[in-house]
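In: Would you be able to build a 3D model of this:
(one chain, ligands or ions: 2)
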Amino acid sequence: MMEVASTGIKGLDRMLEGGIPRGYLISVIGACGTGKTTLGLHFIYEGLKKGEKCLIISFDEDENGIVKTAEGYGMDFSAHAQKLVVVRLDAEEVKRKVEGFEDHLRRIFEDMKPSRVLIDPLTILETLFDDAGRYSFLSNIRTVVKSIGATAIITGESSIENPSNSKFGIMEYISDGLIVLKRYRENELDEAILSIEIIKMRRVGHQRKPRPFTISGRGIEVFEESELI
Ligand SMILES: Nc1ncnc2c1ncn2[C@@H]1O[C@H](COP(=O)(O)OP(=O)(O)OP(=O)(O)O)[C@@H](O)[C@H]1O
Ligand SMILES: [Mg+2]
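Out: Numbers count the residues shown, from 1 in each chain. Ligands and ions are numbered 1, 2, ... in the order given. Model (predicted):
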């Protein structure tokens, strides 16, 4: 049996047959507002509650903002402050010193040796590189995460033409697993329905059907036995 890390979302754990295998690097992709950050926060909070060291690399909100967002979902990050490191990075700044950046990232990982890592959203970093640079940058991230044995979630924008792919089509290939979040509506005036699908999870007999989920003051709830429509 593989040792797994619970995602903190019961229905998703059941779709995964327990959780994310330890040491895996997973991509979560979706359009804006589909719940990528929320899913990542569940994963981190679950680690914190178990006393695991957790690292969030954010290109979006700073630590304060993240703690507030989490609070809105009933997750008390401040109670676990000693196990949590939040690094907020600015893409423009990274762009000015891309070479030093990979070492900087490696040092953060190696000094802390976190058990769980969330990089949200990685797409911002991807936009700084050309195709070749992007691939090598993402493989380096993979190497670092693997070398410390962390379980990691990287989030990304989906491609507009194909919402099951990431914007640049690379994240999913360097990842051990891919989870896709989508927004559906049958009729333009209908309320949108959110769906979650596990596209790949190496060596796991996961569910393949997209399932509905909701985001509320309790965060994400996945209805892994319900049909989408
Ligand atoms: N308390 C709440 N009740 C209901 N829905 C909520 C609540 N909090 C957040 N949401 C929904 O969740 C969405 C935000 O989800 P989240 O930030 O995780 O998405 P995201 O995919 O990370 O978005 P982005 O691409 O902007 O980073 C909001 O747009 C809103 O629709
Ligand atoms: Mg987000």
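
In: Spit out the contact partners of the residue nearest to Arg185 when sequence neighbours are not counted.
Out: Spatial nearest neighbour of Arg185, excluding adjacent residues (C-beta to C-beta, 6 or more residues apart in numbering): Ala192 at 4.9 Å. Yep, even glycine has a C-beta here, placed from its N, CA and C like the rest. With contact set as C-beta atoms under 8 Å, 6 or more residues apart in numbering, Ala192 has these partners: 183-185.

In: Which of those fall within strands?
Out: Secondary structure assignment by DSSP state E places 183-184 of the contacts of Ala192 in strands.

In: Now neighbour count too, for the contacts of Ala192, in CSV please.
Out: Listed next are the contacts of Ala192 as CSV, based on neighbours: other C-beta atoms under 10 Å:
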residue, neighbour count
Arg183, 15
Tyr184, 13
Arg185, 10
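
In: tell me which parts of the chain are close to ligand 2?
Out: Applying C-beta under 5 Å from the ion, we find that the chain lies next to ligand 2 at 36-37.

In: cutoff 6 Å now
Out: 36-37, 60, 120-121 (C-beta under 6 Å from the ion).

In: Which one (most neighbours) among the residues you listed?
Out: Lys36 (27 neighbours; other C-beta atoms under 10 Å).

In: who are the neighbours of the helix or strand that Ala70 is a member of, in terms of helices and strands?
Out: Take DSSP states H and E as the rule and Ala70 turns out to sit in helix 63-72. Contacts defined by 3 or more C-beta pairs under 8 Å, 6 or more residues apart in numbering; DSSP states H and E place helix 63-72 against helix 36-49, strand 84-88.

In: Would you mind finding the most buried of those?
Out: Comparing these by mean neighbour count (mean count of other C-beta atoms under 10 Å), helix 36-49 ranks first with a mean of 24.

In: Can you give the distance of it from its chain's centre?
Out: 9 Å (C-alpha atoms, centre = their mean, to the nearest Å).

In: if I look at the residue of the chain found nearest ligand 2, how far off is Glu186?
Out: With C-beta to the ion as the measure, Thr37 is the residue of the chain nearest to ligand 2, at 3.2 Å. From Thr37 over to Glu186 the distance is 27 Å, taken as C-beta to C-beta, to the nearest Å.

In: hmm, back to that, phi, psi for the residue nearest to Arg185 please.
Out: Per-residue torsions, Ala192: phi -70, psi 150 (degrees, to the nearest 10).

In: can you pull out the strands in this structure?
Out: For the chain, the strands defined by DSSP E occupy 4-5, 20-21, 25-30, 54-58, 84-88, 116-120, 151-157, 177-184, 193-201, 211-216, 219-222.
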